[in-house]
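Student: just the structure for this:
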Amino acid sequence: MKHPMKEAVLGELKQVAGLSVQIIRNLTYDQYKSLVSRAKWALTFGEGLDGYFIEPVFSGAIAFAVYNEQFLPGF
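Tutor: This is a model prediction of the structure:
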């Protein structure tokens, strides 16, 4: 299920000067690790609350999650 605010949030982020948005999709794990090792921040809309979400934190990035009841019920 796609988060209803995903396009709006990504649209706002893309308008920030100097900010690059990279959608994580169809990467091998090695490609993913290389990418997140250079990331300053990571954002999930709930579907990535696992190792793919926490890995950027281990690499020194700041991770954010947009609330999604499907993946975070009861919060």
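Student: ranges for the helices of the chain?
Tutor: 6-15, 29-36, 51-58 (DSSP state H).
Student: the first one: how far from the chain's middle?
Tutor: Helix 6-15 sits 12 Å away from the centroid of its parent chain (Cα atoms, centre = their mean, to the nearest Å).
Student: only alpha carbons, please: show that helix as CSV.
Tutor: Output of helix 6-15 as CSV, limited to C-alpha atoms (Å, rounded to 0.1, in the frame of the first residue of the first chain):
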residue,chain,number,x,y,z
LYS,A,6,4.6,10.0,-0.2
GLU,A,7,4.4,12.1,-3.4
ALA,A,8,3.7,15.4,-1.5
VAL,A,9,6.6,14.8,0.9
LEU,A,10,9.1,13.8,-1.8
GLY,A,11,7.9,16.8,-3.9
GLU,A,12,8.7,19.2,-1.1
LEU,A,13,12.1,17.6,-0.5
LYS,A,14,13.0,17.9,-4.2
GLN,A,15,12.4,21.6,-4.1
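Student: other residues contacting the helix or strand bottoming out on mean pLDDT in the chain?
Tutor: When each helix and strand of the chain is scored by mean pLDDT, DSSP states H and E, helix 51-58 comes last, with a mean of 80. For helix 51-58, contacts defined as Cβ atoms under 8 Å, 6 or more residues apart in numbering pick out 24, 32, 33, 36, 39, 41, 42, 44, 62, 63, 65. Where C-beta positions appear, they are placed from N, C-alpha and C, glycine not excepted.
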